[in-house]
Structure formats: C-alpha cells, structure tokens
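In: Fold the following.
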Amino acid sequence: MSRQCWAAGDATTRVAGVDQRATALDRVTLASLVWGDADDRERPLAVLVHGFPDTAHTWRHLGPALAAEGYRVVAPFTRGYAPSSLPADGSFHVPALMDDVLGLHGAFGGDERAVLVGHDWGAITANGIAASDANPFAAIVSMAVPPFAAMNPRRDDLWQWARILPRQAAMSWYTLFNQVPAVPERTFDRLVAHLWRRWSPGYDAMADLAYLAAALPDAAHRSAAIGYYRAQPRIRSLPAHYAPLARDWVAEPKVPLLYLQGADDGCLDARWAGRIGDRLPAGSRVAVIEAAGHFLQLERPDVVNARILEFLREPRPAVADVVTHE
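Out: Next up, the predicted model:
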C-alpha cells in the first residue's frame, strides 16, 4: 500500500525545474525529486537511486536529460535521508532498499517500459533488482559498484583478481571504520569531506556536501546513513518482510545491464570493470569513463548521460560488449 502527496520541502530542496513528491510506503515515506509530469502515465517511469555520501541531487544532470527524452523521472532520497523518513522497522539492509524501489515503481504506476539507474548503494540496489524475479524494469544501469557475483574470482582469472584485491582492500578502509560504534557519527563532517576528495579527485563537492548536510541534519539521520554499512553483516536482523529478496542482492543479474565506472575512482578500483563484461547477461555493456572518479554522473555528465540514453534507445546486442573507455 502507498499514498502520494505533494511535499513542500524546505529551501535546500527547492530547485528550479524540479518538483518534490512524497510517497508513503508501508514502512517508510520517501521524498523524491521529480523531473517531468509524475502523473502522466503515457511517459515511461525512470527511478534514479543515489548512494553514500550523497543525495537525490546527484541526479541534477541526468534527471532533466531523461525528462527531455520523454521519461517521468523519480529520484528518491533513500530511507533515512531527509526529507524522507527514518524507516519504522529500522532496517537499512539492501533487501529493504530494493523493496523501497519496487514500492516506488508500483506507487507511480510504472509499467514494463520503466528503467532503473543506481549509483553506489543505489547501484547495489539496482544490481539486486536485476537479479530478482520481482524485477519490473525494462532496463537497468548501475554505476561505480558492479554486481558482487561478477567480482568473484574464478580459475581463469585468479591472478588478475589477486592483483586488484590489495589495493581494493586499502581503498575500502571506510567500510570497517563505519562498523565502529559512535565514532563515524562524531567525525561525520570530516569523514564525508575526505571521502569526496579521495573518491573524485579534483571535483568541487561544496554544493553536494551542502545537500548532504541538509539530508542528514542530526545524529539520528547520520546514524541511518552509517547504518547502511552496519546492517549488511547483520543479516539475521533483516525483517521478515524483506526475506523474499534476501539472496538477490548478491546474486547474478538476470537481465542486461549498463555498467559505468570512473577511471579515477578512489572508492572502487577501475580494473574491476575490465573483468566483468563476460560475466553479465547477454546484451550488457560496460564502459570506463575517463577523467571521472566515483561520482562520474556529476564529473562527466555529458558522457554519462549520452551512454545511458544510447543504452535506453538502442536494441540490446546479442552478446555482452567488451569494456570501452571514453
């Protein structure tokens, strides 16, 4: 069950050319930025899902581009990021995020033409939906985090996998840091500013950090954002409602994907992109975006938007494309 209404929002979420919509799902109310007429069912639905430490404003370039292409675009602030609510069940597990996206698809009357785009935690969510029998989306794009199953080692590339792993382990230090009680919350401002600098070198994140501060204005919301990292190792605490999706988020995708990775990503080693192309379903594409880091949709919106629109417009190829660099 869901209920929708217009949300007035505050000054930080009033952006020219963008509407804001609140959707009450069973366990959380999600506020979304909307480009295009959200109620025009003649237009296909596009759901865009952000990651950490970021907000729905990360789609300020792609949202208008998709709306101009004829989509009605819904970009939620994911659970725990204001003006969305803290979830009533306290779950920040990926299956809960997947359930929220599926709920938005239903609440906005999405059909078989709908598309899903995710970045970072949003990519993990999109990858999980791509692996699920519950997937209602015609096309899925994930950025900056490939499907976990595609990253697993196999006998014929064990050496390549082993060469990537040490650097990736060093880059992923923050995942362990975020398991520490209270400390990430107390150092949150310094932590997220540091991550933006390291993950997207040379990019000016001042506006994005301001959006983030508005979305995580107090300790409860900051704990929610950190809670995404703390929830995944604690799968036993997953509420029963999400159990049908529990295995999908680490499973192999069943539908073609477009996977995009920044060449200078300081969060995830770009070499992962070079070894997943033949592990994705036929019709998938993989591209490394040059002169871009982790937040490639903000750093190279021209290239990223073009790749996504190309993927959505053209028929799927018979086999997965080899990785390209742009």
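
In: Report whether C267 is found in a strand, as I expect.
Out: No: if the criterion is DSSP: H, G, I helix; E, B strand; the rest coil, then C267 is coil and not within a strand.

In: so how far is M171 from it?
Out: 6 Å (Cβ to Cβ, to the nearest Å). Just so you know, the C-beta spots here come from the backbone N, C-alpha and C atoms, and that holds for glycine as well.

In: More neighbours: which of these two?
Out: Shown here are C267 and M171; by other Cβ atoms under 10 Å, C267 has more neighbours (21 against 16).

In: so the more buried one touches W173, yeah?
Out: No: using Cβ atoms under 8 Å, C267 makes no contact with W173, being 10.7 Å away.

In: who touches the most centrally placed residue in the chain in this structure?
Out: Centroid check for the chain by Cα atoms, centre = their mean gives G122 as the closest residue, at 1.6 Å. By Cβ atoms under 8 Å, 6 or more residues apart in numbering, G122 lies in contact with L48, V49, H50, G51, T78, S142.

In: quick one, phi/psi of P146?
Out: Main-chain torsions, P146, degrees, to the nearest 10: phi -80, psi 170.

In: still on that earlier bit, secondary structure class for the residue nearest to the centre of the chain?
Out: helix.

In: thinking again about what came up before, please produce a markdown table containing the contacts of G122, extended by neighbour count, secondary structure and pLDDT.
Out: Shown next, in a markdown table, are the contacts of G122 (neighbours: other Cβ atoms under 10 Å; DSSP: H, G, I helix; E, B strand; the rest coil; pLDDT from 0 to 100):
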| residue | neighbour count | secondary structure | pLDDT |
| --- | --- | --- | --- |
| L48 | 27 | strand | 98 |
| V49 | 30 | strand | 98 |
| H50 | 28 | coil | 98 |
| G51 | 23 | coil | 98 |
| T78 | 31 | coil | 98 |
| S142 | 28 | strand | 98 |
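
In: Could you dump those into JSON lines with distance to A292 added?
Out: Listed next are those as JSON lines, based on distance: Cβ to Cβ, whole Å:
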{"residue": "L48", "distance to A292": "18"}
{"residue": "V49", "distance to A292": "19"}
{"residue": "H50", "distance to A292": "17"}
{"residue": "G51", "distance to A292": "15"}
{"residue": "T78", "distance to A292": "23"}
{"residue": "S142", "distance to A292": "15"}
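
In: how long is stretch 233-251 from one end to the other?
Out: With Cα to Cα, to the nearest Å as the measure, the ends of stretch 233-251 fall 16 Å from one another.

In: whoops, I mixed them up, stretch 117-135
Out: Rule used - Cα to Cα; the end-to-end distance of stretch 117-135 is 13 Å.

In: in that stretch, what counts as buried?
Out: 117-132, 135 (16 or more other Cβ atoms under 10 Å).

In: same question, stretch 155-166
Out: Those would be W161, I164, for stretch 155-166 by 16+ other Cβ under 10 Å.

In: ok, and what's touching it?
Out: P153, R154, D269, R271, W272, R275.

In: May I have the predicted confidence score for the closest residue to the second one other than its chain neighbours?
Out: Right, R154. What sits nearest to R154 in space, not counting adjacent residues and going by Cβ to Cβ, 6 or more residues apart in numbering, is W161, at 7.9 Å. We have a pLDDT of 91 for W161.

In: Can you name the element that comes right after the helix or strand hosting W161?
Out: W161 is part of helix 158-171, with elements assigned from DSSP states H and E. For helix 158-171, the succeeding helix or strand toward the C-terminus, using DSSP H and E, is helix 173-177.

In: Show me what that following helix is packed up against.
Out: helix 188-199 (3 or more Cβ pairs under 8 Å, 6 or more residues apart in numbering; DSSP states H and E).

In: Any buried residues in the helix it packs on, and which?
Out: For helix 188-199, using 16+ other Cβ under 10 Å, the buried residues are F188, L191, V192, L195, W196, W199.

In: Could you pull up phi and psi at V74?
Out: phi -120, psi 120.

In: S91 now?
Out: Backbone geometry at S91, expressed as degrees, to the nearest 10, gives phi -90, psi 130.

In: Can you tell me how far the closest residue to it other than its chain neighbours is from G90?
Out: Distances taken as Cβ to Cβ, 6+ apart put P239 closest to S91, at 5.3 Å, once the chain neighbours are dropped. Using Cβ to Cβ, P239 is found at 8 Å from G90.

In: Of all pairs in the contacts of G122, which one is the farthest apart?
Out: T78 and S142 (15.0 Å; Cβ to Cβ).

In: on that earlier part again, which one of the contacts of G122 is nearest to E314?
Out: For those, the nearest to E314 is S142 (18.2 Å; Cβ to Cβ).

In: so what's the closest one bridging to?
Out: Beta-bridge partners for S142, by DSSP bridges, are G118, Y259.
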